[in-house]
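> sequence first, then the predicted structure:
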Amino acid sequence: MKTHFILVEDDPQQSETIKSAIKRRFRDVEVELLENESEFCNHLARIPVGREHPRAVICDVMLPYAFPSPDAPPAPPEVLKGTFRQAGLRCWERFRQREDLQSVPWIYFTVLDEKTIDLKSYSDERTGYAQKSGSIKPLLEEIEEFLDDDWPERAEDVSNKLMANPKMQKILLEGLKVPLDGCSTALP
């Protein structure tokens with residue numbers, strides 16, 4: 001069974017980068033993308049109490065309430081606070097209101113630095129933070145920090161173990177010598 005993460009990110013390029021990096025780093029991971037606060041709230045209402053929960057939530061802070069459309073719900077008055085949107089903070093607050101979800105790790109992944117965000121009011125011992133920069137590595141390290149003790153083997157660990165086994169190494173290397181001429185890409 002796949003492990004389920006929720007990613008709340010409105011930028012399509014960033015969401016694809018984050019999803020790809022997580023899937024490369026961890027085995028059997030499904031990343032569900034939600035793009036705004038309204039989608040997150042609707043999804044949260046559908047998570048059954050006492051059933052399988054997401055393994056972690058990764059959330060941007062500056063999110064739209066909803067994308068403009070004729071059926072988009074009207075934004076509540078508290079959507080804009082200060083000089084930037086803080087929908088990710090409200091998502092955390094709603095998520096943590098559910099007692100059965102309080103132990104699920106929540107990781108803010110945002111361009112905002114920790115001084116700009118009021119993390120004291122919107123975090124707990126199961127909340128992490130990684131600042132978006134030129135690298136996805138801080139996010140992956142933050143995920144590992146929360147999940148390291150009980151996480152199934154990482155895909156890279158399995159690959160390293162296979163290559164450390166002399167018999168498997170020989171099989172893999174021999175397989176690379178097989179010519180691919182005449183191989184069909186069509187499924188039988």
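Alright, I've got the coordinates.
> ends of stretch 55-69, how far apart?
31 Å (CA to CA, to the nearest Å).
> low-confidence ranges, the protein, go.
The chain contains residues with pLDDT under 70 at 1, 75-84, 148-165, 167-188.
> quick one: the strands in it?
3-8, 29-34, 56-59, 80-81, 84-85, 106-110, 127-131 (DSSP state E).
> got a list of what the closest residue to Gln14 other than its chain neighbours touches?
Leaving aside its sequence neighbours, Gln14 sits nearest to Lys132 (CB to CB, 6 or more residues apart in numbering; 7.5 Å). (C-beta placed from N, C-alpha, C; glycine too.) By CB atoms under 8 Å, 6 or more residues apart in numbering, the residues touching Lys132 are 14, 109-111.
> just the buried ones from those?
Neighbour counting by 16 or more other CB atoms under 10 Å classes 14, 109-110 among these as buried.
> now the residue nearest to Gln14: phi and psi?
With angles defined as degrees, to the nearest 10, Lys132 sits at phi -70, psi 130.
> and it, how far is that from His43?
Relative to His43, Lys132 is positioned 23 Å away (CB to CB, to the nearest Å).
> please apply the same query to Val61.
The gap separating Val61 from His43 is 18 Å, by CB to CB.
> and the two? which has more neighbours close in?
The residue with more neighbours, out of Val61 and His43, is Val61; 24 against 15, by other CB atoms under 10 Å.
> check which residues of stretch 128-143 are buried.
Going by neighbour count (16+ other CB under 10 Å), the buried part of stretch 128-143 is 128-130, 132, 136, 138-140, 142-143.
> pick the one among the residues you listed closest to Pro54.
Ile143 (12.3 Å; CB to CB).
> hmm, Val57 and the closest one touching each other?
No: in this structure, Ile143 is not within contact of Val57 by CB atoms under 8 Å, at 10.7 Å.
> between these two, what contacts are shared?
Taking CB under 8 Å, 6+ apart as the criterion, Ile143 and Val57 both touch 105, 107.
> ranges for the helices of the protein?
In the chain, the helices defined using DSSP state H lie at 12-25, 37-46, 87-97, 137-147, 155-164, 166-177.
> residue contacts, the residue nearest to Arg126 when sequence neighbours are not counted?
In this structure, Arg126 finds its nearest non-sequential neighbour in Pro105, 5.2 Å apart by CB to CB, 6+ apart. For Pro105, the contact set (CB under 8 Å, 6+ apart) comprises 55-57, 126-128, 143, 146-147.
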